[in-house]
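> got a predicted model here, sequence first, then my questions.
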Amino acid sequence: MKQFFINHQEELLTSLITIVVVLILKFIFTKAVKKVGKLGDFDKVRTNLIVKYISSALTLIAIGILIPIWSVNVKDIGAILASVFAVIGVALFAQWSILSNITAGFIIFFSYPFKIGNTIRIFDKEIHETDKNGHEAFVIEDIRAFHLHLRRSNGEILTYPNNLVLQKGISIVHVYEHHQEQTSINENIH
């Protein structure tokens, strides 16, 4: 064992530095995403999902850095990865909407003005027309990685894909503000 440490001292040191840097980046990105989530009053489940995605990406980057450090035979790994990615590629091509919904989920998390509790109208012809303008208002119940949960006026829950949220016109009818609810609760107590 001692001989292993002596022979691979440089690889071990570089690997340790890589792992420490990745852990520091994970800590920084996690803090940043949680701060954005708190400032934007985003749901904790949504925030944690983005943190998981970032953690997964950093892990893949670390593996990509460690492979050449340890002089792993890339041809052997390349053949295995090519086979795996061919199968995954076919599966993802068949299910391309999964990737587009995850990407849309990232965009919605960081840049869209609506939140859970807001009432919105979606300008989509495929949703049943119920009001005088031909569009129904929905309350956002939850924002997930793949879709939104929207509550109709009759109480029915509709799941709406995230990629369509970016493609269709949406107007915010009513903005739900958490601090208004807290104020009304405090007023009722006094």
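Cool, got the structure. Please read these numbers as outputs of a predicted model, since none were measured by experiment.
> shaky segments in this protein?
Residues of the chain that meet the criterion pLDDT under 70 lie in 90-95, 128-135, 177-190.
> show me where it has strands.
119-123, 137-143, 147-151, 157-161, 169-174 (DSSP state E).
> export those strands to TSV and append columns for mean neighbour count and distance to Ile80.
Backbone N, C-alpha and C define where each C-beta goes, glycine included. Converted to TSV, the strands of the chain look like this (neighbours: other C-beta atoms under 10 Å; distance: least, C-beta to C-beta, whole Å):
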stretch	mean neighbour count	distance to Ile80
strand 119-123	18	44
strand 137-143	18	37
strand 147-151	19	34
strand 157-161	15	33
strand 169-174	13	44
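> to Phe106, which of those lies closest?
strand 137-143 (11.5 Å; C-beta to C-beta).
> check which helices and strands that closest one sits against.
Of the remaining helices and strands, those touching strand 137-143 by 3 or more C-beta pairs under 8 Å, 6 or more residues apart in numbering; DSSP states H and E are helix 96-111, strand 119-123, strand 147-151, strand 157-161.
> nearest to Gly169, of the ones you listed?
Nearest of the helices and strands packed on strand 137-143 (C-beta to C-beta): strand 119-123, 3.8 Å.
> center of this structure, which residue is that?
The structure's the chain has its C-alpha centroid closest to Ile50; by C-alpha atoms, centre = their mean the separation is 3.9 Å.
> give me the nearest residue to that one, chain neighbours excluded.
Val33 (5.2 Å; C-beta to C-beta, 6 or more residues apart in numbering).
> I'd assumed Ile54 was in contact with that neighbour.
Yes - between Val33 and Ile54 there is a contact at 6.7 Å, judged by C-beta atoms under 8 Å.
> which one's more surrounded, those two?
Applying other C-beta atoms under 10 Å to Val33 and Ile54 shows that Val33 carries more neighbours, namely 21 against 17.
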